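> would you be able to build a 3D model of this:
(3 chains)
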Amino acid sequence: MRVTLAGVPELPEVESVRRQLAPELTGRRVVSLWWDPHPEQRFSDVALLEGRRIERVTRRGKYLVCPLDEDLELVLHLGMTGSFSFGPADAYARARFGLDDGRELVFRDPRRFGRVSVVEAGDYAGIPTLAALGPEPLSDDFDVDAFAAALRRSNAPVKAALLGQRLVAGVGNIYADEALWRTRIHPASRRVGPGRARALHAAIREVLAESIEREGTTFRDYQMVNGDSGRNAPFLSAYGQAGLPCPRCGTAMRKTVVAQRGTTYCPRCQRT
DNA sequence: CACGCCTCCTGTGCGC
DNA sequence: TGCGCACAGGAGGCGT
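Coordinates of the predicted model:
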């Protein structure tokens, strides 16, 4: 079985990019600006960035959030294939930010799913997922009892709940499959009791923290600012492993669709 | 409100 | 060899 894999940036990948960008961008001023006007709705008020100073480079879930002077914020989402580099721009460059140190930060995004917005600080009305984003999974705000209660209230498949960004921020297709595999929960399960919720809470933290240590998962598209790949791919147990033996029980891993997303799980270990 | 389905995009890989 | 098409998927939007 052959599966096409992209390796979309999720929390560990965005955090790895953030760690590389922060020292380069903090304190820099944007002195020139270009962006591809297509598709128009993925670039919002970007012109406001001209002349602004980047105060910090932070992250919420899969969003990069850069406070600017003048009480503005630059909000970036890498979509499926977004990446940054300090030039040179190629045919897939969607935005170019000229800095006051003479360098140019290039936002490259072949599939154009990324988004760039400049907003008044904290005003996420135009970015609804960010406005309603759940707690950071690696912070104390990610409360196990609140998570368990929210899962109990949810009638959606547990994987859909994880991807929804409201119960917890930053989990995407890769780490949802990994955390569910570790806790032996079937991705389509609509009933997750407190014991399994507690285990899932811990597993989400583990898979994300381990991947951050390895600077993320690279299949093809994701790369860091310096062009390096993440090193987490060889450690995946579920995502992309369809047809291969389950690392726990040896049963062939199965691929299905849950929440309109490709989903790999062990049909023997993972029970609803 | 919660849930689920459709859409946006384009490179890739497969079948014929 | 070349063509056509299915597939990958985060988030936004909309219908139920």
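
> buried residues, the strand or helix carrying A:L33. List them.
Using DSSP states H and E, A:L33 sits in strand A:30-35. Using 16 or more other CB atoms under 10 Å as the test for burial, strand A:30-35 gives A:V30, A:L33, A:W35. From N, CA and C alone the C-beta is placed, and that goes for glycine too.

> what's near enough to touch the nearest residue to the second one once chain neighbours are set aside?
The one in question is A:L33. In space, and not counting its chain neighbours, A:L33 is closest to A:E50: 5.1 Å by CB to CB, 6 or more residues apart in numbering. Going by CB atoms under 8 Å, 6 or more residues apart in numbering, A:E50 touches A:V30, A:V31, A:S32, A:L33.

> how much space is there between A:E50 and A:L68?
11 Å (CB to CB, to the nearest Å).

> ok, A:P137 next?
When A:P137 is compared with A:L68 (using CB to CB), they lie 27 Å apart.

> before we move on, what about A:A242?
44 Å.

> with neighbour numbers in mind, choose between these two.
For A:A242 versus A:L68, the count of surrounding residues by other CB atoms under 10 Å is larger for A:L68: 21 against 18.

> I'd guessed that one sits against A:R52; true?
Yes: contact criterion CB atoms under 8 Å: A:L68 and A:R52 qualify, at 4.2 Å.

> what about the helices in the stretch 101-250 of chain A?
In the stretch 101-250 of chain A, the helices defined using DSSP state H, counting those that start in this stretch lie at A:128-131, A:144-153, A:158-163, A:173-182, A:194-213.

> now for the longest one, which elements pack on it?
Applying 3 or more CB pairs under 8 Å, 6 or more residues apart in numbering; DSSP states H and E, we find helix A:194-213 packed against helix A:11-25, helix A:144-153, helix A:173-182.

> out of those, which is closest to DNA strand B?
helix A:144-153 (6.7 Å; CB to the nearest atom of the strand).

> any idea of the angle the closest one forms with helix A:194-213?
120 degrees (axes from the mean of the first three to the mean of the last three CA atoms, to 10 degrees).

> in helix A:144-153, what counts as buried?
Counting neighbours by 16+ other CB under 10 Å, helix A:144-153 gives A:F147, A:A148, A:A150, A:L151 as buried.

> mind exporting the C-alpha coordinates of it to PDB?
Presented in PDB, the C-alpha positions along helix A:144-153 are these (Å, rounded to 0.1, in the frame of the first residue of the first chain):
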ATOM      1  CA  VAL A 144      -7.300  17.300  32.700                       C
ATOM      2  CA  ASP A 145     -10.700  17.500  34.400                       C
ATOM      3  CA  ALA A 146     -11.900  20.200  32.000                       C
ATOM      4  CA  PHE A 147     -10.700  18.200  29.100                       C
ATOM      5  CA  ALA A 148     -12.500  15.000  30.300                       C
ATOM      6  CA  ALA A 149     -15.700  17.000  30.900                       C
ATOM      7  CA  ALA A 150     -15.500  18.500  27.400                       C
ATOM      8  CA  LEU A 151     -15.000  15.100  25.900                       C
ATOM      9  CA  ARG A 152     -17.900  13.700  27.800                       C
ATOM     10  CA  ARG A 153     -20.100  16.400  26.500                       C
END
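
> now do that helix, average pLDDT.
Averaged across helix A:144-153, pLDDT comes to 97.

> near DNA strand C, which residues of chain A are found?
Applying CB under 7 Å from any atom of the strand, we find that chain A lies next to DNA strand C at A:3-6, A:8, A:10, A:41, A:61-63, A:77, A:79-80, A:111, A:113, A:115, A:127-130, A:163, A:165, A:172-174, A:255, A:260-262.
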